Structure formats: C-alpha cells, structure tokens
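Student: Starting from these lines, generate the structure:
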Amino acid sequence: MVSSLIGLVVYLIVIGLVFWLLNYLVDNVPMDEPFRRIAKIALMVVAVLIVIILLLDFIGVIGPGLPRVGRV
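Tutor: Numbering: from 1, shown residues only. Here you go, the predicted structure:
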C-alpha cells in the first residue's frame, strides 16, 4: 500500500511537471488568443483524465493498462 502510494505521488509529480512545461510552451508560443485558450483547455482536460485514471488504478477499480468494459 505504501509503495503504491509513493508510486502515485511520483506519477503525479512527473505529470504535473510535464503539463506545467506544456502550459509554459503554450503561453510563450506566438499564437492568437482563441487558439491559446483552446490549447489550455485541452491540456487541462487531458491532465484531469490522466489523474482520474491514476486514482482509479490506485483504489483498484481498474487494472493497469487500458480500461476494459468487463474483466475476464
């Protein structure tokens, strides 16, 4: 349990750094405002989905890998 919690924290830190860098890139790349807003929204949606999948995997609802409808 402790090792999986440490793994979850490490994943969250790495994912946070990656999305922070992507957000920094979106801010510094010259593009029009509507495209910048769309890119930031897309980044946030992807980040939230990844965190939700990691948390579901941590509590044991889904297994590692892609989620499946039924378990065999």
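
Student: what about residue 24, neighbour count?
Tutor: Look at residue 24: counted by other C-beta atoms under 10 Å, it has 10 neighbours. C-beta here means a position set from N, CA and C on the backbone, and glycine is covered the same way.

Student: For it, grab phi and psi.
Tutor: Residue 24 has phi and psi values of phi -60, psi -40 when expressed as degrees, to the nearest 10.

Student: One more: residue 23?
Tutor: Per-residue torsions, residue 23: phi -60, psi -40 (degrees, to the nearest 10).

Student: got the contact list for the nearest residue to it once chain neighbours are set aside?
Tutor: Computed as C-beta to C-beta, 6 or more residues apart in numbering, the closest residue to residue 23 that is not its neighbour in sequence is residue 43, at 6.0 Å. Taking C-beta atoms under 8 Å, 6 or more residues apart in numbering, we find residue 43 in contact with 19, 22-23, 26.

Student: what pLDDT does residue 43 get?
Tutor: With respect to pLDDT, residue 43 scores 93.

Student: Please report the distance of it from residue 35.
Tutor: Using C-beta to C-beta, to the nearest Å, residue 43 is found at 13 Å from residue 35.

Student: And residue 22, by the same measure?
Tutor: 14 Å.

Student: For these two, indicate the residue with more neighbours.
Tutor: Taking neighbours as other C-beta under 10 Å, residue 22 and residue 35 compare with residue 22 leading, 16 against 11.

Student: List the buried residues of whichever strand or helix holds the more buried one.
Tutor: Assigned by DSSP states H and E, residue 22 belongs to helix 2-28. By neighbour count on 16 or more other C-beta atoms under 10 Å, the buried set for helix 2-28 is 19, 22, 26.

Student: OK, contacts around residue 55?
Tutor: residue 8.

Student: Any figure for the gap between it and residue 24?
Tutor: Residue 55 is 25 Å from residue 24, by C-beta to C-beta.

Student: Same check on residue 5?
Tutor: From residue 5 to residue 24 the distance is 29 Å (C-beta to C-beta).
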